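Student: pasting the structure only:
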């Protein structure tokens, strides 16, 4: 294959290593690199904001100004868009106002970061989804994936010790690993692949893209396989399947993923165009685990002002 390629009709791209703060691996990070602790003053401001709302959902950031939290929100935005691609806020008053208050809290913070996206078709209601999941059986059987948005906010409501954890991986680190291990596979992954969208449409988009100089990476193998399985006119070539297998193998490198333990009240924020996530199996050796090991989160997906999703729009729908 040629050493240059094009994406979305742009000029040919040379395959080169990607750099920047979003290039990391687990052993290069420590908690101060991703943790943003919130103090009493920030918590009090959020309490006051929720009291002002009186149980209703906010629709605009202007409804709930957060002047004391503004520097924290600006720092969070910079970390997601131009930094390592993820951060964890600890110290939110998530449990003082009931279930509706926790949802309103997540929306308040989300509105100060971007525009909330609706849930999938199978998830009726507002933009905040309640996500409950049982532990993964077996080692890391859930693949890494990326949601179609610029930021994902996950508010931890419940996290039993034996329920597993979240694993995050730098998409740039995976890209560079593939460049070293399987250049041909990486070239394929810069070309459009069929994806089944939540509304049932099939679109073509690459896993990796450079648009206006900005790197973005969106991987969802289940959506790719669903597109190929659900249409007689869509299929995956052997080279495409081999490239996806090579990508999964690169993600399996134990040096790359960061295992991140969350506790109730933690808000995990990440940019899925730079950081991919999956669930992991519980640590072996936990004794007397309770029968109910279900994790519970509230999830909010956002588009941001400098949207990589909007910049790397998919190709027209398949017929």
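Tutor: Cool, got the structure. Bear in mind the structure is a predicted one, so any value in this text is a computation, not a measurement.

Student: tell me the contacts of the residue lying closest to residue 47 once chain neighbours are set aside?
Tutor: Leaving aside its sequence neighbours, residue 47 sits nearest to residue 93 (CB to CB, 6 or more residues apart in numbering; 5.4 Å). Quick note: C-beta positions are derived from backbone N, CA and C, even for glycine. Counting by CB atoms under 8 Å, 6 or more residues apart in numbering, residue 93 touches 43, 46-47, 50, 105, 265.

Student: Quick check: ChimeraX command selecting the buried ones in the residues you listed.
Tutor: The following ChimeraX line selects those of the contacts of residue 93 that are buried, judged by 16 or more other CB atoms under 10 Å:
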select :43,46,50,105,265
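
Student: which among the contacts of residue 93 gets closest to residue 86?
Tutor: residue 265 (17.4 Å; CB to CB).

Student: Correct me if wrong: the closest one contacts residue 90.
Tutor: Yes. Using CB atoms under 8 Å, residue 265 is in contact with residue 90, at 7.0 Å.

Student: Now pLDDT too, for the contacts of residue 93, in CSV please.
Tutor: Formatted as CSV, those follow (pLDDT from 0 to 100):
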residue, pLDDT
43, 91
46, 93
47, 92
50, 90
105, 92
265, 91
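
Student: about what we covered before: can you report phi and psi for the residue nearest to residue 47?
Tutor: With angles defined as degrees, to the nearest 10, residue 93 sits at phi -80, psi 60.

Student: can you check residue 237 too?
Tutor: phi -70, psi 160.

Student: how far away is it from residue 182?
Tutor: According to CB to CB, to the nearest Å, residue 237 stands 16 Å off from residue 182.

Student: ok, now residue 167?
Tutor: 22 Å.

Student: do the same with residue 195
Tutor: Applying CB to CB to residue 195 and residue 182 gives a distance of 22 Å.

Student: Of the two, which one has the most company?
Tutor: Per other CB atoms under 10 Å, whichever of residue 195 and residue 182 has more neighbours is residue 195, with 26 against 19.

Student: Spatially, what comes nearest to that one if we skip its sequence neighbours?
Tutor: Spatial nearest neighbour of residue 195, chain neighbours left out: residue 223 (4.5 Å); criterion: CB to CB, 6+ apart.

Student: Buried residues, the helix or strand containing the one you found. List them.
Tutor: Here residue 223, judged by DSSP states H and E, is contained in helix 221-229. Neighbour counts using 16+ other CB under 10 Å place 221, 223-228 of helix 221-229 among the buried residues.
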